[in-house]
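Undergrad: Here is the input, now give the coordinates:
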Amino acid sequence: MGYRDIYQSWQDDPEAFWMNAARAIDWDRAPTKALFDDRAPLYEWFRDARVNTCYNAVDRHVEAGHGDRVAIIHDSPITGTKAKITYAELQSRVAALAGGLKAKGITKGDRVLIYMPMVPEALVAMLACARLGAIHSVVFGGFAANELAVRIDDATPKAIIAASCGIEPGRVVPYMPLLDGALEMARHKPEVCVILQREQERAELTERRDVDWHELQEGATPADCVPVEGTHPAYILYTSGTTGAPKGVVRPTAGHLVALNWTMKNIYNVDPGDVFWAASDVGWVVGHSYICYAPLIHGNTTVVFEGKPVGTPDAGTFWRVIEEHGVRSFFTAPTAFRAVKREDPDGDLIKEYDLSCLEQIYLAGERADPDTIEWMQDKLGKPVYDHWWQTETGFTIVGNPAGIEALPVKVGSPTVAMPGYDVRILDEGGQPLPAGELGAIAVKLPLPPGTLPTLWNAEERFRKSYLETFPGYYETGDAGLIDEDGYLYVMARTDDVINVAGHRLSTGGMEEILASHRDVAECAVIGVKDAVKGQVPMGFVCLNKGSDTPEAQVVEECIALVRARLGPVAAFKLCAVVDRLPKTRSGKILRATMAKIADGEEFKLPATIDDPAILDEIAAAVKPLGYATT
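TA: Numbering: from 1, shown residues only. Below is the predicted model of the structure:
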């Protein structure tokens, strides 16, 4: 069956489709029904099932005779270390840590906050929680103390598992001062903190509160897997909210297992035993879904990478890892490839490695501009598939189902809706728009298994954030269009569609044009206030390494490009060359913050910002364009 047939089979009978997918999971009590709609629009999946995530990700593979298969490859160019952990070894490690946590009183339903860098122990900690039925909440290692405190107070964890430090290129980041500061600020106090000591920076433990990772496990009885209800939360993952308070996305256990397992073959086109690499961080949803859970549930080998796309040691580090570990399917963010392209525009480093093992590349996390995709296709000679999803969904909304049928790539589009998602383009009144028209991207309810059923302790906020704007639909917060072939184009966040003298224009469309300039490595377009037109676009461009074109000429040519392709209606006259763009640690450009700087408005420093100093560079670039800054 091809994609159209499979998508149609889901549309014709969603219940049968997901019950069939559920057969791939090992249940303690199999579900008798997939969808429960008695609380609509708060839908639940596989409610009457009982199951354990850790058993499905680890134990069942060992019991099936695959204990000697490599589960985790750790590759850390920052520390110069590499390690491989088999499924049997992973089972022993996870059961031991779970036993230590159980001895400290951690049981089903308790929350455990995990504050770790990219080390295998981060996955061991997640799986140990799942083994006990405890609900973990992973916070990006090195997160600021005040933001960590907010998450501690919201999740109220009984325990915190942390490392003594994280390691960045050229520096060690001690975690204990941040953790101590967060615990001092937080109203809630955990009962115990488990600390993994790293040799690069050992922490001084606090008596009666802290326990060493290894000492916790000494003498403890390895723990068995605890079955939980299908709707039991596997984890809470905080994502930024428009109010400044983070939103705790809840991930239901059974739907999470079914959906993620389905994606590994059907979307990512890997078979059990293949090496799969998602170059992300466990602090983000990609790290949860595709570093930890999905590959292990499916029986793949997953790569845990502690490094950067450039600088550890150079722009060839991706290719070295792929060659050395035999990666079949690779997943990262477009911003990572833009960094590689900027450092190695001719792709010279790619030629130094044998990438014959690599069959396809996947991009997600932000819009993938056509220029970057075309560069990758040209230099790598591999299929490059953009796909689109969100923290809230946990897996692909729109993608290219390469394991079913590799559909023709339309550069600029993440392709088509996956089974489970009925994607529509709506106008401001919630009415469907015809093909080719720009509007709000929404998904008809119910969402598929594994997507968020609510927010942690915030059901009304969940309804208001996602369900009230378009009754009967999930509001994605993104804007775009669907063409006559059913291909979606995600053009911008809804807030990034600007109104220039009555014309609704996509900043993403302008970014595509700027990115096509031969000297532009990366760019961003924001809307700024204008007394006459309401809003006008302002562009920021970063140049390729080695570019010798004068900056003034690049600016002039960029303005001409936009005007030539969009016409005078775009009113694109403001453009500046900058060395860097402000981003989150996951690589998303902070366009809303840039717009506030340009408009002279006060703003809250984003908790996930990678380098706050870049905001000063943006402010300096804005001033000559005639806009006030604060």
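Undergrad: For the stretch 101-250 of the chain, give me the ranges with low pLDDT.
TA: The model of the stretch 101-250 of the chain has pLDDT under 70 over residues 240-244.
Undergrad: The helix or strand bottoming out on mean pLDDT in the chain packs against which elements?
TA: Lowest by mean pLDDT, DSSP states H and E among the helices and strands of the chain is strand 503-506, with a mean of 72. Counting by 3 or more CB pairs under 8 Å, 6 or more residues apart in numbering; DSSP states H and E, the packing neighbours recorded for strand 503-506 are strand 497-500. Yep, even glycine has a C-beta here, placed from its N, CA and C like the rest.
Undergrad: Next, count neighbours for Gly567.
TA: Other residues within reach of Gly567, judged by other CB atoms under 10 Å, total 11.
Undergrad: Show the pLDDT at it.
TA: Looking at Gly567, its pLDDT reads 75.
Undergrad: Dihedrals phi and psi, it?
TA: With angles defined as degrees, to the nearest 10, Gly567 sits at phi 90, psi 170.
Undergrad: Glu512 too?
TA: The phi and psi values for Glu512, taken as degrees, to the nearest 10, are phi -60, psi -40.
Undergrad: thinking it is in contact with Gly412, fair?
TA: Yes: the pair Glu512 / Gly412 is scored as a contact, 6.6 Å apart, by CB atoms under 8 Å.
Undergrad: Walk me through the domains of this structure.
TA: 94-226, 501-625 (automatic domain parsing).
Undergrad: centre of the chain versus the longest one, how much separation?
TA: How far domain 94-226 lies from its chain's middle: 21 Å, per CA atoms, centre = their mean, to the nearest Å.
Undergrad: How is the residue lying farthest from the centre of the chain assigned, secondary-structure-wise?
TA: Relative to the centre of the chain, the most outlying C-alpha is that of Val532, 38.7 Å out, by CA atoms, centre = their mean. Counting by DSSP: H, G, I helix; E, B strand; the rest coil, the backbone at Val532 sits in coil.
Undergrad: measure it to Asp75 for me?
TA: Distance of Val532 to Asp75, given as CB to CB, to the nearest Å: 54 Å.
Undergrad: just Pro295 next, same as before
TA: Counting by CB to CB, the gap from Pro295 to Asp75 is 15 Å.
Undergrad: Same drill for the two, tell me which one is more crowded.
TA: Neighbour totals were compared for Pro295 and Asp75, and Pro295 leads with 28 against 21 (other CB under 10 Å).
Undergrad: Tell me which stretches of the stretch 151-300 of the chain form helices.
TA: Secondary structure of the stretch 151-300 of the chain (DSSP state H, counting those that start in this stretch): helices at 176-185, 213-217, 253-266, 285-287, 294-298.
Undergrad: Lys588 is nearest to which of those?
TA: Nearest to Lys588 among the helices of the stretch 151-300 of the chain is helix 285-287 (11.8 Å), distances taken as CB to CB.
Undergrad: What are the buried residues along that closest one?
TA: 285-287 (16 or more other CB atoms under 10 Å).
Undergrad: Counting by contacts, list what that helix packs against.
TA: Contact here means 3+ CB pairs under 8 Å, 6+ apart; on that basis helix 285-287 packs against no helix or strand.
Undergrad: Please state the offset of the strand or helix carrying Ala83 from the chain centre?
TA: Assessed by DSSP states H and E, Ala83 sits inside strand 81-86. Here strand 81-86 is found 24 Å from its chain centre; the criterion is CA atoms, centre = their mean.
Undergrad: now swap in stretch 19-29 and tell me
TA: Distance of stretch 19-29 from its chain centroid, counting by CA atoms, centre = their mean, is 26 Å.
Undergrad: Verify the contact between Arg424 and Ala442 for me.
TA: Yes: between Arg424 and Ala442 there is a contact under CB under 8 Å: 5.3 Å.
Undergrad: Looking at those two, which one has more neighbours?
TA: Comparing Arg424 with Ala442 by other CB under 10 Å, the one with more neighbours is Ala442, at 23 against 19.
Undergrad: Distance to Asn457 for the helices of the stretch 151-300 of the chain - can I get that in JSON lines?
TA: Formatted as JSON lines, the helices of the stretch 151-300 of the chain follow (distance: least, CB to CB, whole Å):
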{"stretch": "helix 176-185", "distance to Asn457": "19"}
{"stretch": "helix 213-217", "distance to Asn457": "28"}
{"stretch": "helix 253-266", "distance to Asn457": "18"}
{"stretch": "helix 285-287", "distance to Asn457": "20"}
{"stretch": "helix 294-298", "distance to Asn457": "27"}
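Undergrad: Which of the ones you listed sits closest to Leu196?
TA: helix 213-217 (4.2 Å).
Undergrad: which other residues reach the closest one?
TA: Residues outside helix 213-217 that contact it (CB atoms under 8 Å, 6 or more residues apart in numbering): 96-97, 99-101, 103-104, 121, 161, 194-197.
Undergrad: again, only using 7 Å
TA: 96-97, 99-100, 194-197 (CB atoms under 7 Å, 6 or more residues apart in numbering).
Undergrad: Please identify the buried residues of it?
TA: 213, 216-217.
Undergrad: send the alpha carbons of stretch 25-42 over as PDB?
TA: Only the C-alpha atoms of stretch 25-42 are listed here, as PDB (Å, rounded to 0.1, in the frame of the first residue of the first chain):
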ATOM      1  CA  ILE A  25       3.500  -3.100  21.600                       C
ATOM      2  CA  ASP A  26       3.900  -5.600  24.400                       C
ATOM      3  CA  TRP A  27       1.000  -5.000  26.800                       C
ATOM      4  CA  ASP A  28       0.400  -6.200  30.300                       C
ATOM      5  CA  ARG A  29      -3.300  -5.800  29.500                       C
ATOM      6  CA  ALA A  30      -4.000  -5.100  25.800                       C
ATOM      7  CA  PRO A  31      -6.500  -2.300  25.000                       C
ATOM      8  CA  THR A  32     -10.000  -3.300  24.000                       C
ATOM      9  CA  LYS A  33     -10.600   0.100  22.400                       C
ATOM     10  CA  ALA A  34      -8.400   2.900  20.900                       C
ATOM     11  CA  LEU A  35     -10.300   6.200  21.300                       C
ATOM     12  CA  PHE A  36     -12.400   7.300  24.300                       C
ATOM     13  CA  ASP A  37     -14.400  10.400  23.500                       C
ATOM     14  CA  ASP A  38     -16.700  10.600  26.500                       C
ATOM     15  CA  ARG A  39     -14.800  13.800  27.700                       C
ATOM     16  CA  ALA A  40     -14.500  15.400  24.300                       C
ATOM     17  CA  PRO A  41     -12.800  17.700  23.400                       C
ATOM     18  CA  LEU A  42     -10.400  16.100  25.900                       C
END
